[in-house]
Structures are given as structure tokens and as C-alpha cells.
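Engineer: structure for the following, please:
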Amino acid sequence: MPKINRLKGLPNTITQQFFSTTFYYSKGYMADWVFNAASEKNVSELTINFWNNTITPNELEIKPILSHLPRLKETVHKTLKSQNFESNFITSGFMKIKMGKTGYRYLYCKTILIDKNGTEHIGKEYTESAYEDGFKVFRTKKEYSESNKSFLERIKNLFK
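Structural biologist: Model prediction:
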């Protein structure tokens, strides 16, 4: 059986990959999306389970974040294969994220992988900054109804 310490840096690799420039979606990087979404919903802590493609609290399950999660699981599988581990050796993987102090645009993140023996492989805590200017993630009901109006209705409203 391969030595477990070969996987020691894998949780850190996952964190670095998630917050890297390769994980960009439309308006920003993952730190921007996580920070802005959590801020809008007044969430101070969240868990991103990239093994099951879920986010807790689930109100933060948005396409920009969810769309990148399969790549993290793929990284784990590729690493297991290259280090001669069974493909099912890791059974769970998630990131614990906490918001930084009010007024600052940063996050604290730690990735945890759990193997089939129940051992937790815990990465170091990273501090990630949200770099893009704050952008709106969730639309209000009014904004949503405005965007669903037909083009003709919008023109009519201009002349009211």
C-alpha cells in the first residue's frame, strides 16, 4: 500500500486550485463569487462540499461556484492514481470558508479530505482576497420581474 504522507499536500492543492485564476466565471474569480454571494445573504461561514457538489447554506448554491467543483474532485482522483492509491481511497472532500472582518474583502479557507479509514487530511488555513469590485450576485424580485418583461413592454414604460 502506498504511504499516506504522499497525500499530505493534496488539501492545499485543492484550495489553491479553487482560488486560482483558472477558476474564473463571468464577472470574477471564486473568491469574488463566494465573498459577494455570502455578503449579500449575510452568511459568515459556509462549507463547499466538492465531493457531492453542494454548498451549505444551500442558498449559496449558485452556478458560478458549482460549475467548478467537479474539477476539484478530478484533481483528487488524478493524484490518487499518480500516487498508486485506489480510486476510492478518498471518500469525502470539502472546504470550510469563513468571511474576514467586516469592511475587508477576504476569506479564510481550509480544505479537508476524508479517506476510507476515516482519517481526516486537513490542509492549512489560507487567506484569500476578493479582488474584483463588488458585484451583485442575486437579483431582487423587482429586478427579476423587470428582466422578464418583453422588449415591447419596456419601450411602453419609457413613454409613461
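Engineer: my guess is residue 65 contacts residue 35. True?
Structural biologist: No - using C-beta atoms under 8 Å, residue 65 makes no contact with residue 35, being 11.1 Å away. C-beta: built from backbone N, CA, C; applies to glycine.
Engineer: in stretch 115-123, what counts as buried?
Structural biologist: Of the residues in stretch 115-123, 115, 121, 123 count as buried by neighbour count, 16 or more other C-beta atoms under 10 Å.
Engineer: how long is it from one end to the other?
Structural biologist: 14 Å (C-alpha to C-alpha, to the nearest Å).
Engineer: please apply the same query to stretch 59-78.
Structural biologist: 31 Å.
Engineer: just to revisit the earlier point, comparing residue 65 and residue 35, which shows the higher neighbour count?
Structural biologist: When neighbours are counted by other C-beta atoms under 10 Å, residue 35 comes out ahead of the other of residue 65 and residue 35, with 26 against 22.
Engineer: what helix or strand is that one on?
Structural biologist: Assigned by DSSP states H and E, residue 35 belongs to helix 30-40.
Engineer: same check, this time on residue 110
Structural biologist: Residue 110 belongs to strand 106-115 when assigned by DSSP H and E.
Engineer: about what we covered before: using TSV, lay out the buried residues of stretch 115-123 together with pLDDT.
Structural biologist: Listed next are these as TSV, based on pLDDT from 0 to 100:
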residue	pLDDT
115	96
121	97
123	97
